[in-house]
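Enquirer: Dropping a prediction and its sequence here:
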Amino acid sequence: MQEHRYGFAGLLLLLCIGSADAQTTRNDIVVGCPLPLTTSYGDNGRKGLILATEQINAKGGIWMGGKKYPVKLEFVDTGDLDPNVSQDAALAKLESLLTEKKVDVLIGGPTRSEYGLAAMDMIAKHDVVHIVASGCYTSKWNREKFPSDPKTYRKSFRISGDIAWYLHETKDLLEFLRKKYNFTKMFLLTQDTLMCRDAAKLVKKIAVENGWRIVGEESAPTETRDFRTYLTRCTRSGAQVLFLWNYSPNTSFLFEQWRTMEVPALPLGYVEAAEDPDFWKKTDGKCVFSVITLSEAGVTLSDVTSLSRDFYLAYQKRWGAPPRSTSCAACYEALFVLKDAAQRAASLKPDKLIPAMESIDLPVVRGQLRFDKQHQCVFGYDPKTSILGNWAQWQDGKRVTVWPPAGKMGDIKLPPWLNWWWPKMKKDSSSRGESNRRHAAGDPPIQSRAKIYK
């Protein structure tokens, strides 16, 4: 009888051990990081993740079930921004993290939108939560794919951008320029790729719907270094805003030529090369006055939240340069999102971690992070309730946030030749109508510009 009682107790103990969560026997938390590591997006994300990991581990790690576990990162280069890397090849790299590295959670990409959508189907087959924190901006993610089957895709969360929100931000910024400076004419100059041309169509649509007149459209081949023909056409069009969408590193030549020619249109848009904190040096300061989207609040010095300035300074100290743009802040935040949810759930198992993720309400670098019903982080203009974007202008060697209002650290400055050619007030515009008409026709100005700008 006594022997039977001990045998039964032993059986109960074995059953309890067998049903215990895996983290009771773990030594660390392994985070898989699929990123296009040879690109700026991937490098941005890598640096953000490493910084967050170092900060979390310096305090002992993530607390679960009465014990702290350090975070271990496992990176893989998905190569998904390389046009020569197929979707199958990129997803095979992601799957290697799941099958070979046995990671507990995924944070990162794929960054290319169509690969990111396909990754959702792969994640659905594995027992792991995926936090998209680098690229994959397509609105199909949260407006089509996730809503089509929320149960299947419940393990996917996205804290990176949404192109629909960024276009909304663009619309509001253009509206601000139209009202403040009486600007109404836009010239579109994009890189000659399908994605950039498609983006230009969306910008054109929202601009026209909000009172802008498109006075010219051009697409320059990726290898273009001499943009003077396009800039001359922009000048002759009478445009007050030169809207750009370009991923080519050759845009440094565009800004040098724009400044040398004193083209009377404010450069504004998405220019990947101009995101680089060293772009001022690379263009010898000729990128001055250009306004570019950096996507993420906090990658320029700001006080969006109490964490924004700390992140910027810590990143600069750790890497010897300021944060660049896309993926820096989002990947950094993703580990703190994981920490918050895992500690409340006391588990990394999706069935427990997902509800904790869905209820998250966490102050982060870009604002206050919450998820909507489609597992998309909420964007907006109030950093107490949403995540903010970041439009910055190159001023005095630095990128200065000028939009949205809650994050701005300075006002938009116009080049002096724009102030002369396109007066802010309607009364000035009418009094200088002859000068503007001559300018729009490509004639020399009535008054010597050299005398004005020296």
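Expert: Everything's here; your move.

Enquirer: Secondary structure element holding Arg318?
Expert: helix 308-319 (DSSP states H and E).

Enquirer: wait, I meant Glu74
Expert: Using DSSP H and E, Glu74 falls in strand 71-77.

Enquirer: again with Ala207
Expert: Counting by DSSP H and E, the element that carries Ala207 is helix 194-209.

Enquirer: Tell me which helix or strand comes right after that helix.
Expert: Next element after helix 194-209 (DSSP H and E): strand 213-220.

Enquirer: ok now the strand holding Glu74, how far from the chain's centre?
Expert: How far strand 71-77 lies from its chain's middle: 21 Å, per CA atoms, centre = their mean, to the nearest Å.

Enquirer: And for Asn57, the neighbour number?
Expert: 16 (other CB atoms under 10 Å). (Each C-beta comes from the backbone N, C-alpha and C, glycine too.)

Enquirer: quick one: it from Phe379, how far?
Expert: 30 Å (CB to CB, to the nearest Å).

Enquirer: Pro323 too?
Expert: Distance from Pro323 to Phe379, by CB to CB: 19 Å.

Enquirer: which SS state does Leu244 fall under?
Expert: Of the three states, Leu244 takes strand under DSSP: H, G, I helix; E, B strand; the rest coil.

Enquirer: ok, back up a step: now the strand holding Glu74: average pLDDT?
Expert: For strand 71-77, the mean pLDDT works out to 97.

Enquirer: Could you list the residues in contact with it?
Expert: Here strand 71-77 makes contact (CB atoms under 8 Å, 6 or more residues apart in numbering) with 28-38, 42, 46, 49-50, 53, 56-57, 61-62, 93-94, 96-97, 101, 103, 335.

Enquirer: who are the neighbours of the helix holding Ala207, in terms of helices and strands?
Expert: helix 163-181, strand 185-191, strand 213-220, strand 241-246 (3 or more CB pairs under 8 Å, 6 or more residues apart in numbering; DSSP states H and E).

Enquirer: swap the cut-off to 6 Å and go again
Expert: Contacts defined by 3 or more CB pairs under 6 Å, 6 or more residues apart in numbering; DSSP states H and E place helix 194-209 against helix 163-181, strand 185-191, strand 241-246.

Enquirer: can you tell me the average pLDDT over it?
Expert: Mean predicted lDDT for helix 194-209 stands at 87.

Enquirer: quick one: secondary structure of the nearest residue to Phe187 once chain neighbours are set aside?
Expert: Excluding its sequence neighbours, the residue lying closest to Phe187 (CB to CB, 6 or more residues apart in numbering) is Ala239, at 3.6 Å. Each residue gets one of three states, and Ala239 gets coil by three-state DSSP.

Enquirer: From here on, call the first residue 7.
Expert: Done: numbering now begins at 7, and the last item shifts to Ala245.

Enquirer: which residues touch Ala245?
Expert: 191-193, 221, 271 (CB atoms under 6 Å, 6 or more residues apart in numbering).

Enquirer: Is it possible to get these out as JSON lines so that each row also shows neighbour count, pLDDT and distance to Asp86?
Expert: Putting those into JSON lines (neighbours: other CB atoms under 10 Å; pLDDT from 0 to 100; distance: CB to CB, whole Å) gives the following:
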{"residue": "Lys191", "neighbour count": "17", "pLDDT": "95", "distance to Asp86": "38"}
{"residue": "Met192", "neighbour count": "28", "pLDDT": "96", "distance to Asp86": "32"}
{"residue": "Phe193", "neighbour count": "25", "pLDDT": "96", "distance to Asp86": "32"}
{"residue": "Val221", "neighbour count": "20", "pLDDT": "96", "distance to Asp86": "37"}
{"residue": "Ala271", "neighbour count": "27", "pLDDT": "96", "distance to Asp86": "35"}
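
Enquirer: Max pairwise distance over those: which two?
Expert: Across the contacts of Ala245, no pair lies farther apart than Val221 and Ala271, at 9.7 Å, counting by CB to CB.

Enquirer: quick one on the thing from earlier: now list the buried members of the contacts of strand 77-83.
Expert: 35-43, 48, 52, 55-56, 59, 62-63, 67-68, 99-100, 102-103, 109, 341 (16 or more other CB atoms under 10 Å).
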